[in-house]
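**Q** turn this into a structure:
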Amino acid sequence: MGLTKNRRKFLKTASSSALFATLGSSFFTSCYEKDEDISPVNNDDKNEDVWTNGYNIDSTNIKIDLNHNNFKILKGTGGWKRFDEGALLLVNVGSDIIRAFSSICPHAQCRTSWAYANNNFTCTCHDSIFKNDGSFVSGPAAGQDLKSLTAKVEDNILTVTED
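**A** Down below sits the predicted model:
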């Protein structure tokens, strides 16, 4: 015996709503974004106070508050963060030095599949490995280093700019 038309419509609607509520809207938007369509967020034209999230992005640089809960991990040696809003990989290599790299892998432009262990970044899309200075180690990125950016810390504010 088949479902009535109204019951079928109700179940479709309820199922979608329940799934949306469970996974949230960010899941659905991230499923449809292509890596090459994602660019760093530019907040020049927005009125929102992005410093509540611990960062500010303008047309020339990205400023990150290292005391903010979202970025405190970067205060300790070996702490790292994939910062999608700025399209960055950030790592504290010790002696108060934080390095910044583009999170776009030079092999296949993956940007959201990164791991960090043993002082190496691994793009988990195709297992290209890079040292924490951005230099290529192994994998299909074959001799292509990560794009390095200038990173400077002053008064617990990390400023990242293009070279």
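**Q** would you map out the domains in this protein?
**A** Annotated domains of the chain cover 1-32, 35-161 [automatic domain parsing].
**Q** could you tell me the least trusted of the ones you listed?
**A** Among the domains of the chain, domain 1-32 carries the lowest mean pLDDT, a mean of 44.
**Q** nearest residue to residue 113 other than its sequence neighbours?
**A** In this structure, residue 113 finds its nearest non-sequential neighbour in residue 124, 4.3 Å apart by CB to CB, 6 or more residues apart in numbering. C-beta here means a position set from N, CA and C on the backbone, and glycine is covered the same way.
**Q** wait, the one you found touches residue 115, no?
**A** Yes - using CB atoms under 8 Å, residue 124 is in contact with residue 115, at 5.7 Å.
**Q** got the CA coordinates for the helix or strand residue 116 falls within in PDB?
**A** Using DSSP states H and E, residue 116 maps to strand 114-117. The C-alpha coordinates for strand 114-117 follow below in PDB (Å, rounded to 0.1, in the frame of the first residue of the first chain):
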ATOM      1  CA  TRP A 114      45.300  19.700   5.500                       C
ATOM      2  CA  ALA A 115      47.000  17.900   8.400                       C
ATOM      3  CA  TYR A 116      50.100  18.900  10.400                       C
ATOM      4  CA  ALA A 117      52.400  16.500  12.200                       C
END
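**Q** what pairs with that strand, parallel or antiparallel?
**A** Strands that pair with strand 114-117, judged by DSSP bridges, come out as strand 120-123 (antiparallel).
**Q** what's downstream of the partner strand, the next helix or strand?
**A** Counting by DSSP H and E, the element after strand 120-123 in chain order, helix or strand, is strand 128-131.
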